[in-house]
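Novice: Give me a model of this one.
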Amino acid sequence: MTSPPSAPLKGRLSVPGDKSVSHRALMLSALAIGRSRIGGLLESEDVLATASVLGAMGAGIERLDDGRWQVDGVGVGALLEPETALDFGNAGTSVRLTLGLIASHPIVATAIGDPSLSKRPMARVLDPLRTMGAEVIARSGDRLPLTIRGAETPVPITYELPVPSAQVKSAVLLAGLNTPGTTTVIEPVPTRDHTERMLAGFGAPIKTETDEAGRRQISLSGPAALEPMDLTVPGDPSSAAFAVVAGLIVPGSDVTVTDVLLNPTRTGLFDTLAEMGGDIAIENERISGGERIGDVHVRASRLKGVDVPPSRAPSMIDEYPVLAVAAAFAEGETRMEGVGELRVKETDRLAAVTAGLAANGIQVESGDTWLAVTGRTGLSGGGTVATHLDHRIAMSFLIMGLAADEPVTVDDTRMIATSFPGFVTMMEALGAAFTAETAPVS
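Specialist: Residues are numbered from 1 along each chain as shown. Okay, the predicted model is just below:
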């Protein structure tokens, strides 16, 4: 697909439900005793994979005529052993959190995924789950396919995260639901807290405290009984990021993204864009389902380079590729530190971003844990980007083409459906015009 320079982007739009919240809403509904209904669920391939594997372990899950999803939960401790392998496709969050669910249930399951997911390391999650009593047989490096045997008598642990990771924290807490005693996760650097918020909403006995060293300690008492609930998933800030950046870098643009999740552990990109001089405002701010949401209104702006501190990485780790695109149109250097986690995403995103920017005339350097982009040094665009089956790389560079001097081409867009199946349609509604060799993702 090729993205040519665009006329000003104009309009209001909504983005799909937040993927992180969607995964967790399905999982906790499946563990509740009774019927839950979920509105605004992201119907992407990743989230549908979560629904499929939970159904294979006994939960009753169906889409209603009104667009909501109905989940009949089996209760904590009552997951069934699946008859066939659980196929997670490309869903990294789904497999890591599901491994936590299985770890404290006395069942055996095999997890498989697509070629991209099968390259991603699982050791970070499996290490604490083994300590709790789970047994794992896996390929070298704890990669998929792998087989996990949940513990007959799981053991509660106190686990300090060696690196910031909401997925690891969530996997341990989910395992703690069916573990007698108190399971505690200590995080020196705060990460996304959707799991804690939603566990509390479903009635789990969970508490969060901050110790004298400033570390967050999240404790859960098990075994726990979850209550069913009806909830609505807010708009995904990671999906909103593409329209927001496009609105800032395409001259003359004025774009509003409505009903966006504004959890403070997820708004690092918006904070950074404001520091860069972006005309970005939060409107209609309100609380829904325990989460802060609002409308993000942006106008085209003259951006300047900034230093992005490593402490901000957990709140925007998925948004660095599109931030790098924004930096390509800013004056001066934007330096991003503490982003080594990007090397173990769907692909090595640091390498992919560096190569993609360089192919389109942007001055860029990177190291093991940092990325530096110098914007406005010459003509931009004209190159082809290798996406390496990574949806965020594909979408980020399609956004780049809208503001570049020459069109930008990405080698594949099929994987965009894993997280944002309506991306192309949304951007075209604002005024973008993409061309594709085959039918565009919609």
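Novice: hey, let's count contacts and neighbours off CA atoms from now on
Specialist: Fine.
Novice: which residue packs closest to the residue sitting furthest away from the middle of the chain, ignoring adjacent ones?
Specialist: The outermost residue of the chain, judged against the average C-alpha position, is residue 378 (33.0 Å), by Cα atoms, centre = their mean. Of all residues not flanking residue 378 in the chain, residue 361 sits nearest, at 7.3 Å (Cα to Cα, 6 or more residues apart in numbering).
Novice: my guess is the residue farthest from the centre of the chain contacts residue 363, does it?
Specialist: No - with contact defined as Cα atoms under 8 Å, residue 378 does not reach residue 363; the gap is 9.1 Å.
Novice: Tell me where the model's unsure across the stretch 51-200 of the chain.
Specialist: Across the stretch 51-200 of the chain, nothing is flagged by pLDDT under 70.
Novice: what ranges do the strands span in it?
Specialist: With DSSP state E, counting those that start in this stretch, the ranges of strands along the stretch 51-200 of the chain come out as 60-63, 69-74, 86-87, 108-112, 135-139, 143-149, 158-160, 181-187.
Novice: hey, C-alpha coordinates of the last one in PDB?
Specialist: What follows is strand 181-187 as a C-alpha-only set of coordinates in PDB (Å, rounded to 0.1, in the frame of the first residue of the first chain):
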ATOM      1  CA  GLY A 181      -3.000 -17.000  50.100                       C
ATOM      2  CA  THR A 182      -1.700 -13.600  49.100                       C
ATOM      3  CA  THR A 183       0.000 -13.100  45.800                       C
ATOM      4  CA  THR A 184       2.000  -9.800  45.500                       C
ATOM      5  CA  VAL A 185       3.600  -8.100  42.600                       C
ATOM      6  CA  ILE A 186       6.100  -5.300  43.200                       C
ATOM      7  CA  GLU A 187       6.700  -2.800  40.400                       C
END
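Novice: neighbouring strands for that strand, and are they parallel or not?
Specialist: Sheet pairing for strand 181-187, assigned by DSSP bridges, gives strand 158-160 (parallel), strand 216-222 (antiparallel).
Novice: what separates it from the chain centre, distance-wise?
Specialist: 23 Å (Cα atoms, centre = their mean, to the nearest Å).
Novice: heads up, I number from 833, so please use that
Specialist: In the new numbering, first residue 833, that becomes strand 1013-1019.
Novice: can you list contacts of that strand?
Specialist: For strand 1013-1019, the external contacting residues (Cα atoms under 8 Å, 6 or more residues apart in numbering) are 987-993, 996, 1001, 1004-1005, 1008, 1047-1055.
Novice: Would you confirm that residue 909 contacts residue 1012?
Specialist: No - here residue 909 does not reach residue 1012: they are 11.2 Å apart, not a contact under Cα under 8 Å.
Novice: The stretch 983-1132 of the chain: helices as residue ranges?
Specialist: 998-1008, 1026-1033, 1069-1081, 1100-1107 (DSSP state H, counting those that start in this stretch).
Novice: First-to-last residue distance for stretch 1188-1199?
Specialist: In stretch 1188-1199, first residue to last residue: 15 Å (Cα to Cα, to the nearest Å).
Novice: Same check on stretch 1147-1155?
Specialist: Start-to-end, stretch 1147-1155 (Cα to Cα) is 13 Å.
Novice: Highest mean neighbour count out of the strands paired with strand 1013-1019?
Specialist: strand 1048-1054 (a mean of 21; mean count of other Cα atoms under 10 Å).
Novice: Run through who's touching that strand.
Specialist: The contact list for strand 1048-1054 (Cα under 8 Å, 6+ apart) reads 1005, 1008-1022, 1028, 1036-1043.
Novice: for stretch 856-871, same thing?
Specialist: 882-883, 886, 891-892, 899-908, 910-911, 1026-1027, 1030-1031, 1034, 1057-1065.
Novice: Now find how far off-centre it is within its chain.
Specialist: Using Cα atoms, centre = their mean, the offset of stretch 856-871 from its chain centre is 20 Å.
Novice: CA-only coordinates of that stretch in CSV, if you can.
Specialist: Backbone C-alpha positions of stretch 856-871 (Å, rounded to 0.1, in the frame of the first residue of the first chain) are rendered in CSV as follows:
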residue,chain,number,x,y,z
ARG,A,856,-9.0,-8.4,30.2
ALA,A,857,-12.8,-7.9,30.0
LEU,A,858,-13.2,-11.2,28.2
MET,A,859,-10.9,-13.1,30.6
LEU,A,860,-12.4,-11.8,33.8
SER,A,861,-15.9,-12.3,32.5
ALA,A,862,-15.0,-15.9,31.7
LEU,A,863,-13.8,-16.4,35.3
ALA,A,864,-16.9,-14.8,36.9
ILE,A,865,-19.8,-16.9,38.0
GLY,A,866,-22.7,-15.8,35.8
ARG,A,867,-23.4,-13.7,32.8
SER,A,868,-21.5,-10.5,31.8
ARG,A,869,-22.1,-8.2,28.8
ILE,A,870,-19.4,-6.2,27.1
GLY,A,871,-20.0,-3.2,24.9
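Novice: who's in contact with the residue nearest to residue 1210?
Specialist: 1210-1215.
Novice: can you check residue 1160 too?
Specialist: Listed by Cα under 8 Å, 6+ apart, the contact partners of residue 1160 are 1189, 1194, 1205-1208.
Novice: and with 7 Å instead?
Specialist: By Cα atoms under 7 Å, 6 or more residues apart in numbering, the residues touching residue 1160 are 1194, 1205-1208.
Novice: same check, this time on residue 920
Specialist: 881, 926-927, 944-945.
Novice: measure it to residue 1268 for me?
Specialist: 28 Å.
Novice: List the buried residues for stretch 977-986?
Specialist: 977-983, 986 (16 or more other Cα atoms under 10 Å).
Novice: would TSV of the residues you listed with distance to residue 1264 be doable?
Specialist: Shown next, in TSV, are the buried residues of stretch 977-986 (distance: Cα to Cα, whole Å):
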residue	distance to residue 1264
977	40
978	42
979	45
980	46
981	49
982	49
983	52
986	53
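Novice: and which of these is nearest residue 1255?
Specialist: residue 977 (30.3 Å; Cα to Cα).
Novice: beta partners for the spatially closest residue to that closest one that is not a sequence neighbour?
Specialist: Counting by Cα to Cα, 6+ apart, residue 977 lies nearest to residue 944, which is 4.6 Å off, once chain neighbours are set aside. Note on residue 944: beta-bridge partners by DSSP bridges are residue 919.
Novice: which residues does residue 944 contact?
Specialist: 917-920, 976-978.
Novice: follow-up on the earlier one: from the contacts of residue 1193, list just the buried residues.
Specialist: Among the contacts of residue 1193, those scoring as buried are 1212-1215 (criterion: 16+ other Cα under 10 Å).
Novice: Tell me which two of the residues you listed sit farthest apart.
Specialist: 1212 and 1215 (8.7 Å).
Novice: gap between the closest residue to residue 865 other than its chain neighbours and residue 889?
Specialist: With sequence-adjacent residues excluded and distances taken as Cα to Cα, 6+ apart, residue 865 is closest to residue 907, at 4.7 Å. Look at residue 907 and residue 889: by Cα to Cα, they are 11 Å apart.
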